[in-house]
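>>> Could you work out the structure for the sequence below:
(one chain, ligands or ions: 2)
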Amino acid sequence: MIDRDYRTGTHAWSPGGFQLGSKMKIEAITLREIRMPLLHFFETSFARTTERRILLATVHCDGIDGWGESGAGENPFYNGECIDTAWHIISQYLAPSLLGAELASARQCRDLFASVRANNMAKGVLENAVWDAEAIACSLPLWKLLGGTRKEIPCGVSIGIQDSIEELLDKVSIELESGYQRIKLKVKPGWDLEVLQTVRDRWPNITLSCDANSAYQMDDLNHLKEFDRFRLLMIEQPLWHDDLFFHAKLQAQINTAICLDESIHNSRDAQTACEMRSCRIINIKAARVGGFSEAVQVHDVCQALHIPVWCGGMLESGIGRSHNIALSTLPNFLLPGDVSASKRYWCEDIIDPEVEVSVRGTIAIADKAGRGYQLREDLIEHLTVRKQTFKGIRSAVSQS
Ligand code: OSB
Ligand code: MG
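Ligands and ions are numbered 1, 2, ... in the order given. As a prediction, the model looks like this:
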C-alpha cells in the first residue's frame, strides 16, 4: 500500500524504490519532434488538426533510456503552450536544471523545475521520461510505481466536430460497435443541441458526454440549461479555460455534472474546484498538470473529496498513450477515459504492440517492467524532423 499525504506530498513508503543509496544520474537529454498525420482530422471548438507535431524527450541515465511525450499542441489554443514554447523552455531552462542531477525518484523533478512558472507540458514531458526510466531501473511496471491497482481500464472515445451530422452518426456507430463504454462529442455553438438530440434519439441508453473546450460564456446560461434534457454523464469545460468561479455559478443552475479539464493545473486547483463546487468530475491529463507526480496528487485530492476522475487525452502517440494507460490504473479513475486504440488515430503507431481495446471497451494492463510497450525506434527516427541532444550543463552537443 502506498500511503500518500497530498498536503505535504510525502510518501510513507516509496514504491519500488532504488536500492539504498542508489540514484539515477541524468547524463543526457534528447528532444525530438516527430510528425504523424492523423487518419482523420480532429476538430474541437478551437481548431481542426490534421497532422500532429509531437515533442518527445528521452532521458539517458545509467544505460537506461526513459521516454516522455509532451502533449503540447501545434498552437497555443488548448492552453498557453505549444510544441515550440515547450522546446524553448526545455532547452533554455529545464534541461540545464535536470542535466547532471542525481535523483532518488522522478518526484524530485518538480523541485528542480520549480523556478520556472507555468509551462506544465514542458515540465511534464521530462518528468514523465524520468518516471519511465525509474520504472525500468526498479524492474517495476510503471503503473505499479505510480500506485495503480487496476488490471484492466475502461475506455471511452472523444469524437470531434464533423462536416455533417450523418458523418458523426457513422463515427458514433463504429465506436459503439467496437465496444467503447462512453461516447464524448465535441460541441460548440451551432454544433450542439441538434447534434446531441440526434445522437440521443438514435441511442437512448448509451453513456454520452460532451466537451466544449471553453466555447460558452455565462450569457449562454439558458442555452446550457437545455443540455440537461440529454441525460449526459457530464459537460466538460463549458466556460473559460482559466475559470473556477463562474463554473461554480453555472453548476448550481444546471443538472448536468460539469467536468473540468483546462482549468485544473495542479492539486490546489483541484481542491479549490471541488470545495467551491465548480464541478462534480475532474479530467486528469498528466501533461496539463506538469507530470505524473502532480497528476497523482490531483487524483488523491479528488479521491479524498469523493470526486471521480478520468484520464483525458491529447491525441498522443503510443508513448503518451501508454503513460495515460498507466495513470488510469489508479483507484479513483472511476469513469472511462479518453484512452483509446492506436488504430483510431494512426496508420502505424510508434509502439509495439499497439494499444488495443477489447470488445468490452477495456485495455488490459501488462505486467512488464516500464511502460509495457516496446518502442519502434527505427520508425521514430524515420518520423523525426528535428532532434537535439543536451549533455553537460548548457551545452547542446548535436542538432539536426
Ligand atoms: O479537451 O480533451 C480535450 C484533444 C486535443 C485537445 C484537447 C482535448 C482533446 C480530446 C482528444 O478530446 C482526446 C483523445 O486523445 O482522444
Ligand atoms: Mg477536454
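>>> got any ranges where the protein has weak pLDDT?
1-21, 393-400 (pLDDT under 70).
>>> now the helices for it?
All helices of the chain, identified by DSSP state H, fall at 83-89, 95-98, 109-113, 120-137, 142-145, 165-178, 193-202, 221-225, 245-251, 267-276, 286-289, 292-304, 318-327, 377-383.
>>> As TSV, those helices with distance to Gly312 would be great.
Yep, even glycine has a C-beta here, placed from its N, CA and C like the rest. TSV is the format used below for the helices of the chain (distance: least, C-beta to C-beta, whole Å):
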stretch	distance to Gly312
helix 83-89	18
helix 95-98	26
helix 109-113	20
helix 120-137	13
helix 142-145	17
helix 165-178	17
helix 193-202	20
helix 221-225	21
helix 245-251	17
helix 267-276	13
helix 286-289	8
helix 292-304	10
helix 318-327	8
helix 377-383	24
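>>> Ligand 1: which of these is closest?
Judged by C-beta to the nearest ligand atom, the one of the helices of the chain that comes nearest to ligand 1 is helix 318-327, at 8.1 Å.
>>> got the angle between the closest one and helix 120-137?
70 degrees (axes from the mean of the first three to the mean of the last three C-alpha atoms, to 10 degrees).
>>> now the angle between helix 292-304 and helix 318-327, please.
Going by the same axes, to 10 degrees, helix 318-327 makes 30 degrees with helix 292-304.
>>> Name the residues of this structure found near ligand 2, please.
Asp211, Glu236, Asp261 (C-beta under 5 Å from the ion).
>>> Number of residues surrounding the first one?
Spelled out, that is Asp211. 26 (other C-beta atoms under 10 Å).
>>> same question, the second one
A total of 28 residues lie near Glu236 under the criterion other C-beta under 10 Å.
>>> Can you tell me how far it is from Asp269?
As judged by C-beta to C-beta, to the nearest Å, Glu236 and Asp269 stand 15 Å apart.
>>> check contacts around the closest residue to Asp132 other than its chain neighbours.
Leaving aside its sequence neighbours, Asp132 sits nearest to Gly66 (C-beta to C-beta, 6 or more residues apart in numbering; 3.7 Å). With contacts defined as C-beta atoms under 8 Å, 6 or more residues apart in numbering, the neighbours of Gly66 are Thr58, Val59, Ala129, Val130, Trp131, Asp132, Ala133, Glu134, Ala135, Ile136.
>>> wait, what's in contact with whatever residue of the stretch 301-400 of the chain ends up closest to ligand 2?
In the stretch 301-400 of the chain, the residue that lies nearest ligand 2 is Gly312 (5.7 Å; C-beta to the ion). Gly312 sits next to Asp261, Asn283, Ile284, Lys285, Arg288, Gly337, Asp338 when contact means C-beta under 8 Å, 6+ apart.
>>> make it 6 Å
Gly312 makes contacts with Asp261, Asn283, Lys285, Asp338, as judged by C-beta atoms under 6 Å, 6 or more residues apart in numbering.
>>> Also Lys123?
Phe113, Gly290, Gly291 are the contacts of Lys123 under C-beta under 6 Å, 6+ apart.
>>> Now with 10 Å, please.
70, 86, 89-90, 93-94, 98, 109-110, 112-114, 116, 287, 289-291, 293-294 (C-beta atoms under 10 Å, 6 or more residues apart in numbering).
>>> now Arg35
Glu51, Arg52, Arg53, Ile54, Leu383, Thr384, Val385, Arg386.
>>> Put the buried members of those residues into a PyMOL selection.
To isolate the buried ones among those in PyMOL, judged by 16 or more other C-beta atoms under 10 Å, type:
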select buried, resi 52+53+54+383
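>>> show me what contacts Cys155?
175, 178-182, 311, 325, 328, 336-341, 355, 357-358, 360-363.
>>> Can you give me the neighbour number for the residue in the stretch 1-150 of the chain positioned nearest to ligand 1?
Ligand 1 sits closest to Tyr78 of the stretch 1-150 of the chain, with a gap of 4.6 Å, by C-beta to the nearest ligand atom. Look at Tyr78: counted by other C-beta under 10 Å, it has 24 neighbours.
>>> How much space separates it from Tyr93?
Tyr78 is 22 Å from Tyr93, by C-beta to C-beta.
>>> Enumerate the residues of the stretch 51-200 of the chain near ligand 1.
Tyr78, Ser158 (C-beta under 6 Å from any ligand atom).
>>> Run the chain-centre distance for stretch 215-227.
27 Å (C-alpha atoms, centre = their mean, to the nearest Å).
>>> what about it, start to end distance?
Chord length of stretch 215-227, first to last residue, is 14 Å (C-alpha to C-alpha, to the nearest Å).
>>> Tell me, how many residues neighbour Glu177?
Neighbour tally, Glu177, other C-beta under 10 Å: 9.
>>> returning to what we had before: Leu31 is nearest to which of the helices of the chain?
Ranking the helices of the chain by distance to Leu31, with C-beta to C-beta as the measure, places helix 83-89 first at 6.3 Å.
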